[in-house]
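Engineer: Provided below for reference: sequence and predicted model.
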Amino acid sequence: MRAVQVQEYGGPEVLKVVPAESPEPGPGQVSIDAVYAGVNFADLKARAEGYRVESLPFVPGLEVSGRIRAVGDGVEGLCPGQEVAALVNGGAYAEVVVAEAATVFPLPEGMDLRTAAALPTVLPTAHALIHEVGRLRAGESVLVHGAAGGIGTVAGQLARAAGAGAVYGVVSSAAKAGHALKYGYDEVFTADSFVGEVRRATGDRGVDLVLDPVGGDTLRRGLDTLAVFGRLVSFGNASGAEPWRVGQSELYVEGRSVAGFSILALAQSAPEALRSLTKRAFRTVSDGIVELPVTAEFALSEAPAAHSLMGGRTSTGKLLLRMAD
């Protein structure tokens, strides 16, 4: 088989297609003949700085869709030939991928493998941000950073479906605003001016819920956009800033609260909770509530180009790698 391997940290050019042995599933695992793999910002951080990497060399990639190749001992409810999507702890940029059975999800009827590759990280994360962690109620307002990205476009749709009173987005450049406005947003602001724009749009009230994947100064400024009793959910640190800390002085005054979410952490700590969350999230696609915008597709050998596009902060929606050239 072929796989994309990183032998040294660096830019997109360190992504090399190499021949490799097809892995076999161990107990509680399945192997998957991959058709598509999703590209995530975490993959770029792994390639550039070793984020969540145990050792070199390694194969990046956190999500894959395809057909089950083989099942290991103790696996129930999954069988060879079955079309699935899977969340993995790395290794998805390959023609054969091994996944823990607990994070392998049979596709709902009528869903194709291309769409499915965008599901394992994006859809459950967005669902948790709006519902399980963010606890958005009908009539409340929400501000979503990264509104033109994969998670952002789904979060906007879920917020609208949940009856949000107003859905605001933040993008890195004005060129991305038009894309975000197609997916549930009332107004979209740029990162350099969002605090003032939120205050203007809400009559200085602020928003009830902020969803932040950026961290650092953006998170601090986001706290200033919260209404009384507002909530902020952190789900990433794309800025690379030092880990954030929030104390009594920020939270006590207006009853604010801060929460966090990581789908990879949930997969490790509570896989059954992840399965339940994913089942609910997948249903939103089957029921037509959510559209997953795959905006660019690359062959496996074009992985450097996919990383360059995402790293340039000009991409929108979801990027995929196709195993076949």
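Structural biologist: Received it, and whenever you're ready, just let me know what you need.
Engineer: look up how far Val170 lies from Thr190.
Structural biologist: Look at Thr190 and Val170: by Cβ to Cβ, to the nearest Å, they are 7 Å apart. Backbone N, C-alpha and C define where each C-beta goes, glycine included.
Engineer: listing request: residues of the protein with sub-threshold pLDDT.
Structural biologist: Judged by pLDDT under 70, the chain has no weakly predicted residues.
Engineer: list the buried ones in the longest helix along the chain?
Structural biologist: Counting by DSSP state H, the longest helix found in the chain is helix 271-286. The neighbour-count check on helix 271-286 (16 or more other Cβ atoms under 10 Å) flags 274-275, 277-278, 281-282, 284-285 as buried.
Engineer: again with stretch 180-200
Structural biologist: Residues 180-181, 183-185, 187-189, 194-195, 197-198 are the ones in stretch 180-200 that count as buried (16+ other Cβ under 10 Å).
Engineer: same deal with stretch 54-70?
Structural biologist: Residues of stretch 54-70 classed as buried by neighbour count (16+ other Cβ under 10 Å): 58-66, 68-70.
Engineer: centre of the chain to that stretch, how far?
Structural biologist: How far stretch 54-70 lies from its chain's middle: 16 Å, per Cα atoms, centre = their mean, to the nearest Å.
Engineer: OK, contacts around Ala227?
Structural biologist: 141, 202, 205-208, 254 (Cβ atoms under 8 Å, 6 or more residues apart in numbering).
Engineer: switch to 10 Å and redo it
Structural biologist: Ala227 is in contact with 140-141, 198, 202, 204-210, 254-256, counting by Cβ atoms under 10 Å, 6 or more residues apart in numbering.
Engineer: which one of the residues you listed sits closest to Ser234?
Structural biologist: Ranked by distance to Ser234 (Cβ to Cβ), the contacts of Ala227 are led by Val210 at 9.2 Å.
Engineer: tell me, how many residues neighbour that closest one?
Structural biologist: Residues lying near Val210 (other Cβ atoms under 10 Å) number 32.
Engineer: just Pro106 next, same as before
Structural biologist: By other Cβ under 10 Å, the residues close to Pro106 number 16.
Engineer: just give the strands next to the particular helix or strand that has Asp33 in it in its sheet, each with its orientation.
Structural biologist: Asp33 belongs to strand 29-39 when assigned by DSSP states H and E. Strand 29-39 pairs in its sheet with strand 63-71 (antiparallel), strand 96-100 (antiparallel), strand 318-322 (antiparallel), by DSSP bridges.
Engineer: next SSE downstream of the longest one?
Structural biologist: Read in the C-terminal direction, the helix or strand following strand 63-71 is strand 83-87, with elements assigned using DSSP H and E.
Engineer: still on that earlier bit, JSON lines for the strands paired with strand 29-39, including distance to Asn89?
Structural biologist: Below are the strands paired with strand 29-39 laid out as JSON lines (distance: least, Cβ to Cβ, whole Å):
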{"stretch": "strand 63-71", "distance to Asn89": "11"}
{"stretch": "strand 96-100", "distance to Asn89": "8"}
{"stretch": "strand 318-322", "distance to Asn89": "17"}
